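# can't give you the sequence, but here's the structure:
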């Protein structure tokens, strides 16, 4: 938990410093913003899948703690990347930023919940219960990402972000039906 607080303080300081250069330094073009969001989510998804796969056939206390540590690290990176996005330079840019900020907060809360569960694990039954809890939390995170996507869609009546997501190569893997 102290590391998350430290990361938040460092990122906050960087954002404040970046904001001193001018009023638009915290805004990105819709295309850059969409690309940054998709890249962050793609990297996080890949890391979380890898961590979850490492548990298959390895449901030990050490394996669970290692996988959860990897998920925490990936999630910390995701939160930092999302906070670094700022807001897109669109009519509904603030609404999009608010949706992503809410997702960041939810991910931070979920990681703390997961970490707390795993830190208190003991014995084979405890490992199974904690693994089930971690799985449920990851499922909840997926739902939160889908909810954020819906909010982004609703916050984009002019379709600026929707077009940016379609045009961004970084978003192809997230929007293709095979994913």
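Arrived safely. These numbers were taken from a predicted model, which means no experiment stands behind them.
# Ignoring the adjacent residues along the chain, who's closest to residue 71?
Nearest in space to residue 71, with sequence neighbours left out and distances taken as C-beta to C-beta, 6 or more residues apart in numbering, is residue 51 at 4.9 Å. Placement of C-beta: from N, CA and C, glycine included.
# Wait, the one you found touches residue 67, no?
Yes. Here residue 51 lies in contact with residue 67, judged by C-beta atoms under 8 Å, at a distance of 4.4 Å.
# Find the centremost residue of the chain, please.
Closest to where the C-alpha atoms of the chain average out (C-alpha atoms, centre = their mean) is residue 78, at 4.1 Å.
# For the host helix or strand of it, name the packing helices and strands.
Element membership of residue 78, judged by DSSP states H and E, is helix 61-84. The contact analysis (3 or more C-beta pairs under 8 Å, 6 or more residues apart in numbering; DSSP states H and E) places helix 61-84 against helix 2-19, helix 30-55, helix 93-119, helix 123-154.
# Buried residues of the last one, list them for me.
By 16 or more other C-beta atoms under 10 Å, the buried positions in helix 123-154 come out as 127, 130-131, 133-134, 137-138, 141, 144-145, 148-149, 151-152.
# By mean pLDDT, flag the weakest helix or strand of the protein.
Lowest mean confidence among the helices and strands of the chain (mean pLDDT, DSSP states H and E): helix 2-19, at a mean of 30.
# Low-confidence stretches in the protein?
The model of the chain has pLDDT under 70 over residues 1-26, 58, 175-179.
# ok, 80 please
Along the chain, the model assigns pLDDT under 80 to residues 1-28, 55-59, 173-179.
# what's the following helix or strand past the helix holding residue 78 in contact with?
Downstream of helix 61-84, the first helix or strand assigned by DSSP H and E is strand 87-88. The contact list for strand 87-88 (C-beta atoms under 8 Å, 6 or more residues apart in numbering) reads 26-30, 32-34, 93-94, 96-97, 160-161, 164.
# Filter those down to just the buried residues.
By 16+ other C-beta under 10 Å, the contacts of strand 87-88 give 26-28, 30, 32-34, 93, 96-97, 160-161, 164 as buried.
# Go ahead and confirm residue 93 touches residue 27.
Yes. Using C-beta under 8 Å, residue 93 is in contact with residue 27, at 6.7 Å.
# show me the contacts for the residue nearest to residue 71.
67-68, 70-71, 74.
# Just among those, which is most surrounded?
When neighbours are counted by other C-beta atoms under 10 Å, residue 71 leads the contacts of residue 51 with 25 neighbours.
# Tell me if I'm right that residue 160 and residue 90 touch.
Yes. The criterion here is C-beta under 8 Å, and residue 160 meets it with residue 90 at 4.2 Å.
# Show me which residues of stretch 77-87 are buried.
78-83, 85-87.
# chain center to it, what's the gap?
The chain centroid and the centroid of stretch 77-87 are separated by 8 Å under C-alpha atoms, centre = their mean, to the nearest Å.
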